[in-house]
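**Q** Here is my input; please provide its structure:
(2 chains)
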There are 2 protein chains.
Amino acid sequence: MAEDPAIAPTGAAAGAATNAITECVGGILAPAGFSAAGAAAGIKRSGRLDVCVIDAGRPVPAAAVFTRNTMAAPPVAWSREAVASGHLRAWVVNAGNANACTGEQGATDTRRMAEETAAALGCEPSDVAVASTGVIGVPLPMDVVSAGITAATDALGSTRAHAADAAAAIMTTDTFAKEAACTVHAGDIRYTVGGIAKGSGMIMPDMATMLAFLTTDAPLDAEACQAALASAADATFNRITVDGDTSTNDTCALMASGAAPGAPAAITTTDPAYPAVAAAIRHVCATLARMVVRDGEGATTLVSVTVRGASSEQDAEDAARTIAVSPLFKTAIFGRDANWGRVAMALGNSRATIEPALVDIVFAGIVTCARGEAVPFDEDAATEALAASEVDVVVDLNLGEAEATVLTCDLTYEYVRINGEYRT
Amino acid sequence: MAEDPAIAPTGAAAGAATNAITECVGGILAPAGFSAAGAAAGIKRSGRLDVCVIDAGRPVPAAAVFTRNTMAAPPVAWSREAVASGHLRAWVVNAGNANACTGEQGATDTRRMAEETAAALGCEPSDVAVASTGVIGVPLPMDVVSAGITAATDALGSTRAHAADAAAAIMTTDTFAKEAACTVHAGDIRYTVGGIAKGSGMIMPDMATMLAFLTTDAPLDAEACQAALASAADATFNRITVDGDTSTNDTCALMASGAAPGAPAAITTTDPAYPAVAAAIRHVCATLARMVVRDGEGATTLVSVTVRGASSEQDAEDAARTIAVSPLFKTAIFGRDANWGRVAMALGNSRATIEPALVDIVFAGIVTCARGEAVPFDEDAATEALAASEVDVVVDLNLGEAEATVLTCDLTYEYVRINGEYRT
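**A** Below is the predicted model of the structure:
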């Protein structure tokens, strides 16, 4: 199975998928039944694409997971309500302005984005979900946004170029567009899942926002959409970290067209085809999540932190996350320093059950700590191993069977530069 | 009252102290009844002082609070047990090696440090507590440490120079020694509290460790020692953060000699003199805590984050701490950027109850957000205000009466440089 080994080696959805997942091109438009477009409205000063519309052509089963930040932006509140029906026709997304901390005006502007998109598509505003990313505390330039919605809905199409434009239009300071797609067979039917994401970037600069939109031509019902997406997000997007901050606008969404040739009327979570489709959704999420970390602000190294031998998966995840967010650990990675003491320190700060005298730490393939005690190692070899663009750190608690992996990146001068620059 | 306004404006101990606190010189030897010394054993490559002994001359009431890190180092385990009796005669401290992740050998070495100090002082090993700070995962060079213990116990004395040596001997990469002392009157009796601390530094480099040792000539009983110290630490050392990481060796300790002229036999927590002494202890802790943040790795700016109008003190503290540890917030401070959106984002990530439409944010004296909405402000004036060496950020949740302040520093290139350097 082609499942990304670093981020999703465990879990029921992956394990249950006995059919091979095959990666393919086409991004968010790889699955049948969707059209998309990107337009350059002028919200971004650069003149780049900044309004994206993804259209399923009719209300289809849909799901979304959102930021848990209590200062969530107006588009999050709108979309939470829109997707509660279990169906959406379209997403409209703008980059360059997060429409956050904008009060009543922000809510009005979000509603207008949905209304104008709905009018152009010929549907109800409640069928349109909205996402925004960019600078916060600045009202949306609605004239510009409206023109962008008109341009994007006029330009809708289903080619690879349309998919690429959609991926580009949600970027902020991402250094590359993030697209992924794959197919999976369930019985005789081939289902396709596609997606786009944007990672941690900022506009002027501002906060990081993670957006991801997925599509599938599998006829998942609304409940299956939510189950597959929530499970996939937990195992992928929720196991990456760039700086531990969670934005006001994070959104991860899925629409299911059911347009796969030969597809049945619906796939529920108890349907035999469900695990394969869910695994494909997780695969696309894992691929996009990995791209987001790879493109983390200032990152030079992708770091995979695995904690195994934990008493519970929650312990494993909590320990891996606590290590992955530690600034001392992340600067050591930047310094190509196998400073396993910082792993031990961060591990000890997690809520996981730990028996210090049982802990093993393997840093970039080098055993640095066995049963809680230092193991002499060749520092030159370690420095060389840490020069790789991807570094694995594995902690074995030797207590149980549970395991979790969290992806992160190093903490660099460039991170400080990007985020320390004046907004002006 | 001279209580540090930024870190300890609230709380029962401060409020109950009606007697003026007066700062004085002399650090940890300002109170009567103690001697101390620092010796250069050679644990630090620099040849600087690296072994410290603080001696009360006889077992006296004592208390300590320790790191909650589950990978706590052997000296923490030893000292936790030693202080459980409520009495200690002395502390022996080494800098340059944290004796952490050193397994059985580490426990043996810690016991030897206590035994050798006890033999030199003529007391039981269980009367001697031990603290270590520095590189981890490396066995203590016990020959060198033993010689340092001999030298330090031989050199014990009660002059200001002895106090300064003790302060210097616990430093790692601290850029200045941290000493504080004050007096307070309770009735006709003048009590003195003194202390030394070391902050976030590293040796080769390695993890940060916070150590603080306090003395008083007030005859606090063991229970009063613990109550006053725990309360003071909660309001001061537990409300500072440099990078959110907690070391394996953090220790904060107090010994009470009762040697103040005219002092009664004992002061309990219900004694009328207790609040004044507790306030003085808190004052010394606040002064030292502020020094630790000021000397944070790579810090250019001391940042005070106050959350008021919270529903509970726990909410206020949690919200202030979540803002104070946010890398995006800390890099904005370094960039002299009144990027209040990052305050709003971090606030929303805390567990505090928040009503977004009620939130006010005042950034370096400039109202940037009122009732959840952006307030236009002069960016040039903000940049100028942020050029100060101390910056206050105040968030009013407008929900209740509770308030808390957490001190932090900015996240700078220098932090990345210090912590990204090779240990070798």
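**Q** show me what contacts A:W78?
**A** Counting by CB atoms under 8 Å, 6 or more residues apart in numbering or on different chains, A:W78 makes contact with A:107, A:110-111, A:114, A:129-130. (Glycine included, C-beta is placed from N, CA and C.)
**Q** at 7 Å what do you get?
**A** A:110-111, A:114, A:130 (CB atoms under 7 Å, 6 or more residues apart in numbering or on different chains).
**Q** Okay, and it sits in which element?
**A** A:W78 belongs to helix A:74-83 when assigned by DSSP states H and E.
**Q** which residues sit in contact with A:A224?
**A** Per CB under 7 Å, 6+ apart, neighbours of A:A224: A:267-269, A:274.
**Q** so what's the backbone phi/psi at it?
**A** Per-residue torsions, A:A224: phi -70, psi -40 (degrees, to the nearest 10).
**Q** give me the low-pLDDT residue ranges for chain A?
**A** Counting by pLDDT under 70, chain A contains low-confidence residues at A:1-19, A:200-209, A:243-246, A:421-424.
**Q** quick one on the thing from earlier: C-alpha coordinates for the helix holding A:W78, PDB please?
**A** Coordinates of each C-alpha in helix A:74-83 appear next as PDB, following Å, rounded to 0.1, in the frame of the first residue of the first chain:
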ATOM      1  CA  PRO A  74     -16.900  34.900  10.600                       C
ATOM      2  CA  PRO A  75     -16.400  32.500   7.500                       C
ATOM      3  CA  VAL A  76     -15.800  29.700  10.000                       C
ATOM      4  CA  ALA A  77     -19.100  30.400  11.700                       C
ATOM      5  CA  TRP A  78     -20.900  30.700   8.400                       C
ATOM      6  CA  SER A  79     -19.500  27.500   7.000                       C
ATOM      7  CA  ARG A  80     -20.000  25.500  10.200                       C
ATOM      8  CA  GLU A  81     -23.700  26.300   9.900                       C
ATOM      9  CA  ALA A  82     -23.900  25.700   6.100                       C
ATOM     10  CA  VAL A  83     -22.300  22.200   6.300                       C
END
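**Q** List only those of the contacts of A:A224 flagged as buried.
**A** Buried members of the contacts of A:A224, counted by 16 or more other CB atoms under 10 Å in any protein chain shown: A:267, A:269, A:274.
**Q** follow-up on the earlier one: which element is encountered next along the chain beyond the helix holding A:W78?
**A** strand A:87-97.
**Q** chain center to that next one: distance?
**A** 16 Å (CA atoms, centre = their mean, to the nearest Å).
**Q** What of stretch A:334-354?
**A** That offset, for stretch A:334-354, works out to 25 Å (CA atoms, centre = their mean).
**Q** what's the answer for stretch A:85-105, then?
**A** Counting by CA atoms, centre = their mean, stretch A:85-105 comes out at 17 Å from the chain centroid.
**Q** swap in stretch A:315-329?
**A** 19 Å.
**Q** Just want the angle from the helix holding A:W78 to strand A:87-97.
**A** Helix A:74-83 and strand A:87-97 are oriented at 170 degrees to each other (axes from the mean of the first three to the mean of the last three CA atoms, to 10 degrees).
**Q** Contact partners for the residue of the stretch 51-200 of chain A at minimum distance from chain B?
**A** Among the residues of the stretch 51-200 of chain A, A:M71 lies closest to chain B, at 3.0 Å counting by CB to the nearest CB. By CB under 7 Å, 6+ apart, the contact list for A:M71 reads A:248, B:344-345, B:347-348, B:354, B:356.
**Q** Next: A:L411.
**A** A:L411 neighbours (CB under 7 Å, 6+ apart): A:327, A:330-331, A:334, B:416.
**Q** Repeat that for A:L88.
**A** A:59-60, A:62, A:82, A:127, A:129, A:255.
**Q** again, only this time at 8 Å
**A** A:56, A:59-60, A:62, A:82, A:127-129, A:253, A:255.
**Q** What sits closest to it if chain neighbours are left out?
**A** With CB to CB, 6 or more residues apart in numbering or on different chains as the criterion, A:L88 has its nearest non-adjacent residue at 3.8 Å, and that residue is A:A62.
**Q** Isn't A:A164 up against A:A177?
**A** Yes. Counting by CB atoms under 8 Å, A:A164 touches A:A177, with 6.6 Å between them.
**Q** Shouldn't the residue of the stretch 51-200 of chain A closest to chain B be within a helix?
**A** No. Assignment of A:M71 by DSSP: H, G, I helix; E, B strand; the rest coil gives coil, placing it outside any helix.
**Q** Excluding covalently adjacent residues, which one is nearest to it?
**A** B:G348 (3.0 Å).
**Q** Isn't that neighbour up against B:I354?
**A** Yes. At 6.8 Å, B:G348 counts as touching B:I354 under the criterion of CB under 8 Å.
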